[in-house]
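Q: got a structure for you, letters missing:
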């Protein structure tokens, strides 16, 4: 594994103080309005994430759901598809656009097992997704409350964002993957 | 054209004062280090943008270049492909990843005729693109100096960004498209 890859998967890059500050900031912006159905979908995202892990990808799974109908399921394939944009959320949004036949996704909720990065948060805004529910917070790259919060920028569309659903379990799934990865190298 | 689409293409949504403030902020963060070659590539992006306009898409063109070799050319196809992620930059990054056989794009410059939005700026950061040159500023959605500046956020990769190359021409290309679009409706 080269240095850059090693750097990508290391967890210890932000200081404990900085992490604590980001946790406080994320907690302040977090809304707690989620239902048992939301929890079920996040659990299904974790199953999709496990499929990613099975092919040695960072375990992140995403779904797009409207009125109880699942429009898209996807998991991160950045390494296997050798493509920088192939995060779970982007692939799920693309499938959902195909399913609904347009670039706007009104009435949907996007579920994802880890907080979206800036690219994915931007795609969510571009697709006019009204609601996002995510699992683990991402203090290094998270763009919906942790490192930055794109839902607080005055874009023409502002999604409702619920973070931290099954956070500990989602976070443990990621940590376990990175731990195994470091041991292997 | 429905209300949402009308809203998307209207230019008059931010006040003159706000626009002025954003212009000052963008000018402060802007670097002016660009070469005649950069100008040529931005002109080529404008030609790609014209291809987008020919199929009634918002005219934005992008290229990825390394050591004088063009790895990718693309233009916005969001309407025709009915996909929220199909901005010129995303399509160019995907082609460049395919060309180089990996999700990291070291040593490249991404050229684009309009300032990247948050999704595209995030994709640029994810692909570890070291340098970005863009034309027109985008005071409504621009994520490299206008509405926000993702190159100032402490991500693990921070690209060098040069904005405003052939800004007036690129901006005129966009304004002309929107003007025609409004007259048609």
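A: Everything's here; your move. Small disclaimer: the values here were computed from a predicted structure and weren't measured.
Q: now the strands: where do they sit in chain A?
A: Listed in chain order, the strands of chain A (DSSP state E) span A:61-66, A:69-75, A:109-114, A:131-136, A:160-162.
Q: list the buried residues of the fourth one.
A: Read it as strand A:131-136. Neighbour counts over strand A:131-136 (16 or more other CB atoms under 10 Å in any protein chain shown) mark A:131-136 as buried. Using the backbone N, CA and C atoms, a C-beta is placed for each residue, glycine as well.
Q: may I have the strands that pair with that strand, each with its orientation?
A: Sheet pairing of strand A:131-136 (DSSP bridges) gives strand A:109-114 (parallel), strand A:160-162 (parallel).
Q: average pLDDT across the longest one?
A: Spelled out, it's strand A:109-114. Averaged over strand A:109-114, pLDDT sits at 98.
Q: mind listing what's buried in that strand?
A: Quick answer for strand A:109-114 (16+ other CB under 10 Å): A:109-114.
Q: what does stretch A:162-175 give?
A: For stretch A:162-175, burial by neighbour count (16+ other CB under 10 Å) applies to A:162-167, A:170-171, A:173-174.
Q: next: stretch A:74-81.
A: Buried residues in stretch A:74-81, counted by 16+ other CB under 10 Å: A:74-79, A:81.
Q: columns distance to residue A:92 and pLDDT on top of those residues, output as TSV?
A: Converted to TSV, these look like this (distance: CB to CB, whole Å; pLDDT from 0 to 100):
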residue	distance to residue A:92	pLDDT
A:74	4	98
A:75	9	98
A:76	10	98
A:77	12	98
A:78	14	98
A:79	18	98
A:81	14	98
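Q: same list, those, but only the ones touching chain B.
A: With CB under 8 Å from any CB of the partner chain as the criterion, those include A:78-79 near chain B.
Q: tell me the one of the buried residues of stretch A:74-81 nearest residue B:34?
A: Closest approach between these and residue B:34, by CB to CB: residue A:78, at 30.8 Å.
Q: helices of chain A, residue ranges please.
A: Under the criterion DSSP state H, chain A contains helices at A:3-9, A:16-29, A:36-54, A:88-100, A:118-126, A:167-184.
Q: pick the most deeply packed of these.
A: Counting by mean count of other CB atoms under 10 Å in any protein chain shown, helix A:118-126 has the highest mean neighbour count of those, with a mean of 29.
Q: residue A:105: what's its closest spatial neighbour, skipping adjacent residues?
A: Leaving aside its sequence neighbours, residue A:105 sits nearest to residue A:127 (CB to CB, 6 or more residues apart in numbering or on different chains; 4.7 Å).
Q: doesn't residue A:102 make contact with that neighbour?
A: No - using CB atoms under 8 Å, residue A:127 makes no contact with residue A:102, being 9.6 Å away.
Q: between these two, point out the one with more neighbours.
A: residue A:127 (28 against 16; other CB atoms under 10 Å in any protein chain shown).
Q: so what's the more buried one up against?
A: A:93, A:96-97, A:103-105, B:84-85 (CB atoms under 8 Å, 6 or more residues apart in numbering or on different chains).
Q: CSV for those residues, including distance to residue B:59 and pLDDT?
A: Output for the contacts of residue A:127, formatted as CSV (distance: CB to CB, whole Å; pLDDT from 0 to 100):
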residue, distance to residue B:59, pLDDT
A:93, 23, 98
A:96, 26, 98
A:97, 21, 98
A:103, 17, 98
A:104, 20, 98
A:105, 24, 98
B:84, 18, 98
B:85, 18, 98
